[in-house]
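1. Predicted coordinates and the sequence they were generated for:
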Amino acid sequence: MIFVDYLNNPPSDEWIARADIVTTELLTALTAVDRATIIARNSGLWGELKNQLSLLRNRKCWYTESINDGAHCHVDHFRPKTNALDESGIDQGGYWWLAFNWQNYRYSGPLSNVRKRDYFPVLLNKVNAYGGNTNLEQILLLDPLVIADTWKISFDGIEGKILPKSLDKDSLDYKRAEYSIERYNLNDEGLKEGRRQKYGKAKNLINESANLLKLQTITYDVARENEIINIWTQLRELANPNSEYSATVKYCLKSSGHDWALDIAIAA
């Protein structure tokens, strides 16, 4: 998972105006059946934003960081529009009034969205009516639109696994990370293999650069200096937020113990 600055990249005013009209229709509907009919009839609206959402992170799934060319990717309703299931799978009430709210959309590959489905556990202050403040909800899922949430996971580069960053199993940070890893299917075998490959490539480049830098301290060589710069450029590209599994590469850089590697991670 990586931070996506979606809130500063809204859809067009024309799209928002059309979505607002449908939301007004939802608010005046008399029954849940009527609302479901309105949502189904206008479901193409959020599909219109799929391409825009995908381009914000170079076609990467916002949850897994994988590029899913050829797969049927989804516009996920972060807060589910119909049912919102708790950890036990019991419906606590969906967020139908957010069905056409662009800020509730996340770009997801099928691997995450199929597993996530309608699950959205809220630990405190669950909102069940239009006008409630969802910012006060204490939710269990990590959100790629919240930069602090993306800092709550860590990596095992050797196995390619994502882990909770907190070591305190009783802490909320640990529980949120653990639940999100499971619910977003972040440790699928294919994803782990992708991370292992990126971590291994970054590790080899870091070790190669470190060895060349040692030689530079003994005898400075211009050609060697250019080689180092080329390696650093490759590492920066791997750590670029638009590159696949870039968070894994950044973790590799930050945990290497080299100041220059940390600089590359920050610059990326």
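-> Alright, I've got the coordinates. Numbers count the residues shown, from 1 in each chain.
2. only C-alpha atoms for contact and neighbour calcs from this point on.
-> Fine.
3. Let me know the outermost residue of the protein.
-> Relative to the C-alpha centroid of the chain, counting by C-alpha atoms, centre = their mean, T219 is the outermost residue, at 44.7 Å.
4. what comes up buried for the helix ranked longest in the chain?
-> As assigned by DSSP state H, the longest helix anywhere in the chain is helix 189-218. Neighbour counts over helix 189-218 (16 or more other C-alpha atoms under 10 Å) mark 191-200, 202-203, 205-206, 209-210, 212-213 as buried.
5. Kindly report the same for stretch 152-161.
-> Using 16+ other C-alpha under 10 Å as the test for burial, stretch 152-161 gives 152-157, 160-161.
6. For the stretch 101-250 of the chain, which segments count as strands?
-> Taking DSSP state E, counting those that start in this stretch as the criterion, the stretch 101-250 of the chain carries its strands at 105-108, 122-124, 138-139, 153-156, 161-164.
7. Tell me which other helices or strands the second one touches.
-> Counting contacts by 3 or more C-alpha pairs under 8 Å, 6 or more residues apart in numbering; DSSP states H and E, strand 122-124 is packed against strand 138-139.
8. hang on, the earlier thing: dump the strands of the stretch 101-250 of the chain to a markdown table, plus distance to C73 and mean pLDDT.
-> As requested, these are exported to a markdown table (distance: least, C-alpha to C-alpha, whole Å; pLDDT from 0 to 100):
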| stretch | distance to C73 | mean pLDDT |
| --- | --- | --- |
| strand 105-108 | 6 | 97 |
| strand 122-124 | 26 | 97 |
| strand 138-139 | 24 | 98 |
| strand 153-156 | 24 | 94 |
| strand 161-164 | 22 | 97 |
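9. most tightly surrounded among these?
-> Of those, the one with the most neighbours on average (mean count of other C-alpha atoms under 10 Å) is strand 105-108, at a mean of 26.
10. contacting residues around it?
-> 50, 53-54, 61-63, 73-78 (C-alpha atoms under 8 Å, 6 or more residues apart in numbering).
11. List the strands paired with that strand, with their directions.
-> The pairing partners recorded for strand 105-108 under DSSP bridges are strand 74-77 (antiparallel).
12. which residues are in contact with the strand it pairs with?
-> 46-47, 49-50, 99, 104-110, 113.
13. and if we set it to 10 Å?
-> Contacts of strand 74-77 with the rest of the structure, by C-alpha atoms under 10 Å, 6 or more residues apart in numbering, involve 46-51, 53-54, 61, 95, 98-110, 112-114, 116-118.
14. filter the residues you listed to the buried ones?
-> 46, 49-50, 53-54, 61, 95, 98-100, 102-110, 112-113, 116-118.
15. Let me see the contact set for the nearest residue to H72 once chain neighbours are set aside.
-> Excluding its sequence neighbours, the residue lying closest to H72 (C-alpha to C-alpha, 6 or more residues apart in numbering) is P110, at 6.6 Å. By C-alpha under 10 Å, 6+ apart, the residues touching P110 are 61, 68, 71-76, 116, 184.
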